[in-house]
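A.B. asks: let's see this in three dimensions:
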Amino acid sequence: MTWADKLEEVRFAWLDPLTPTELLVPGDLLSVEGLDTSGIWNPPRPLPTEGPCSGVGSCLQSPSSTAQVTVEVVPPNVAEGKEVVLLALKLPEKFSRVDWFRGYLLPANNIVLLRPNPGNITKGPAHSGKETLYSNGSLLIQNLTIGDTGTYYIQVYTVNSDIIYEEGQLHVSELSPKPNIIANNSRPVEQEDSVELTYKPESPNTTYKWFINTQLVKPSTNLKDTGPYECETSNPVSVHHSHPFNLTILYGPDTPTISPSKLNYSLGETLSLSCHTDSNPPAQFSWFLGKKNLTSTQILSISNLSLHDSGSYSCLVSNQATQLNKTAVINIRVSESVAPPSILASNTTVTEGADPVVLTCLTNDTGVSTQWYLNNKDLQPAERRKLSADNRTLTL
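C.D. replies: Model (predicted):
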């Protein structure tokens, strides 16, 4: 048994240690360290090392009793500057006194005590002016600060001289601040640089989540994911989102494309070629005919084409920020206009299954190609029709 098990009631005119100007009334309990039943002072035994009485020279332990008291913290998570109620539940129907303590059950830690008869409430040394004790034993604490975090004990004296205590844990949290996103590289290059996004300000006991396009950021996120990014900060009492943050990513140019894809032009026509690519910042364009620099615009236009305009045209796209460039090539052929051809048939009147018919395409133009059509559709060689090597002659 510990020294606390030896405590006995003392029914003399003792001064209340919490309110020295008041005498203890009959039924009040006074714990005296080292006092035995004979009233003779004995040295105290070792003190408990755990619980609300650890290190306390004078502490009341709850004797065996069927009475129970519980403490419910409402709300369970509370923000700085708000208020909380420590609800005292399952109190005995009749009790002689209720005390609230902040921390260990020491007189100096007493916040407030209630004597139901005659309904007297006395503020203790630990009362800060923010606490209000209700007649049902519950304790209201207003204008909370982080310093109010801790363990609170209620100690109840029953009319049967039993002492019951219970604890409640109060945790006060700061409101998480609205985060602001900062990037360590304002102009990263795709597939070359990395970017670190951080939030400011930092806040203790805070959980952070990152979102891109309202979706949680995945480890596979790459620099083409420009955003918007958002940071969410949360703690038990608040949730905040940063303003959307978009990355400016430098990339490209991609391999360009040239349009239209038309390759053959006639003398006197106009050539208009457009070059397209994806790049940030926008690419610069240069057109070449062979090695000759023609223009530095996205669109190349040449009117009244001549035979000398035939050749290999290339579009060079470049990005000064990424120091990259790409090229696309198209081969243009300019030809003289051809006169309408005519067809010479070896026989215009034929009999099915008789001798073959030879059709010849006649033209005075040179360097031209020949194509045969049947009912406005390309005519291809088949079992009973043959084309000459230059396509000038069709045998049926």
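A.B. asks: low-confidence bits of the stretch 151-300 of the chain, can you list those?
C.D. replies: For the stretch 151-300 of the chain, applying pLDDT under 70 flags the ranges 219-224.
A.B. asks: tell me where it has strands.
C.D. replies: With DSSP state E, counting those that start in this stretch, the ranges of strands along the stretch 151-300 of the chain come out as 163-170, 172-173, 180-183, 197-200, 207-212, 215-216, 229-235, 238-241, 257-259, 264-266, 271-276, 284-289, 292-295, 299-302.
A.B. asks: which residue is nearest the middle of this structure?
C.D. replies: residue 210 (1.8 Å; Cα atoms, centre = their mean).
A.B. asks: grab the nearest non-local neighbour of it.
C.D. replies: Leaving aside its chain neighbours, residue 210 sits nearest to residue 217 (4.1 Å; criterion: Cβ to Cβ, 6 or more residues apart in numbering). For every residue, glycine as well, the C-beta is placed using N, CA and C.
A.B. asks: show me what contacts the one you found?
C.D. replies: By Cβ atoms under 8 Å, 6 or more residues apart in numbering, the residues touching residue 217 are 210, 211, 229.
A.B. asks: that one and residue 232: what is the separation?
C.D. replies: With distances taken as Cβ to Cβ, to the nearest Å, residue 217 is found 11 Å from residue 232.
A.B. asks: shared neighbours, these two?
C.D. replies: Contacts common to residue 217 and residue 232, judged by Cβ under 8 Å, 6+ apart, are 210, 211.
A.B. asks: what bridges to residue 264?
C.D. replies: In this entry, residue 264 is beta-bridged to residue 333, by DSSP bridges.
A.B. asks: show me the helices in the stretch 101-250 of the chain, by range?
C.D. replies: Taking DSSP state H, counting those that start in this stretch as the criterion, the stretch 101-250 of the chain carries no helices.
A.B. asks: number of residues surrounding residue 384?
C.D. replies: Neighbours of residue 384 under the rule other Cβ atoms under 10 Å: 8.
A.B. asks: the nearest residue to it once chain neighbours are set aside - how many residues pack around it?
C.D. replies: Once flanking residues are discounted, residue 384 sits nearest to residue 396: 6.6 Å by Cβ to Cβ, 6+ apart. For residue 396, the neighbour count with other Cβ under 10 Å is 13.
A.B. asks: distance of residue 396 relative to residue 383?
C.D. replies: Per Cβ to Cβ, residue 396 is found 11 Å from residue 383.
A.B. asks: repeat that for residue 230.
C.D. replies: From residue 230 to residue 383 the distance is 70 Å (Cβ to Cβ).
A.B. asks: please identify which of those two sits among more neighbours.
C.D. replies: Per other Cβ under 10 Å, whichever of residue 230 and residue 383 has more neighbours is residue 230, with 19 against 5.
A.B. asks: ok, that one - contacts?
C.D. replies: Here residue 230 is in contact with 181, 210, 211, 212, 214, 241, 242, 243, 244, 245 (criterion: Cβ under 8 Å, 6+ apart).
A.B. asks: these two touch, right, the last one and residue 199?
C.D. replies: Yep, that's residue 245 we're talking about. No. Look at residue 245 against residue 199 with Cβ atoms under 8 Å: they stay out of range, at 9.9 Å.
A.B. asks: overlap of the contact sets of the two?
C.D. replies: Common contacts of residue 245 and residue 199 (Cβ under 8 Å, 6+ apart): residue 181.
A.B. asks: please export the C-alpha coordinates of stretch 202-212 as PDB.
C.D. replies: Provided in PDB are the C-alpha atoms of stretch 202-212 (Å, rounded to 0.1, in the frame of the first residue of the first chain):
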ATOM      1  CA  GLU A 202       5.000  26.700 -42.600                       C
ATOM      2  CA  SER A 203       2.700  25.800 -39.800                       C
ATOM      3  CA  PRO A 204       3.100  23.100 -37.000                       C
ATOM      4  CA  ASN A 205       0.800  20.100 -36.800                       C
ATOM      5  CA  THR A 206      -0.400  20.700 -40.300                       C
ATOM      6  CA  THR A 207      -1.200  18.200 -43.100                       C
ATOM      7  CA  TYR A 208      -0.400  19.200 -46.700                       C
ATOM      8  CA  LYS A 209      -1.800  17.900 -50.000                       C
ATOM      9  CA  TRP A 210      -0.900  19.000 -53.600                       C
ATOM     10  CA  PHE A 211      -3.400  19.100 -56.400                       C
ATOM     11  CA  ILE A 212      -3.100  19.700 -60.200                       C
END
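A.B. asks: buried residues in that stretch?
C.D. replies: For stretch 202-212, burial by neighbour count (16 or more other Cβ atoms under 10 Å) applies to 203, 206, 210, 211, 212.
A.B. asks: mind listing residues that contact that stretch?
C.D. replies: Here stretch 202-212 has contacts from 173-174, 176-177, 179, 197, 199, 216-217, 221, 225, 227-235, using Cβ under 8 Å, 6+ apart.
A.B. asks: one more pass at 7 Å, please.
C.D. replies: Stretch 202-212 has contacts (Cβ atoms under 7 Å, 6 or more residues apart in numbering) with 173-174, 176-177, 199, 216-217, 221, 225, 227, 229-235.
A.B. asks: the residue lying closest to residue 344 once chain neighbours are set aside pairs with what?
C.D. replies: Nearest residue to residue 344, sequence neighbours excluded (Cβ to Cβ, 6+ apart): residue 360, at 4.5 Å. As for beta bridges, residue 360 partners with residue 344, residue 393 under DSSP bridges.
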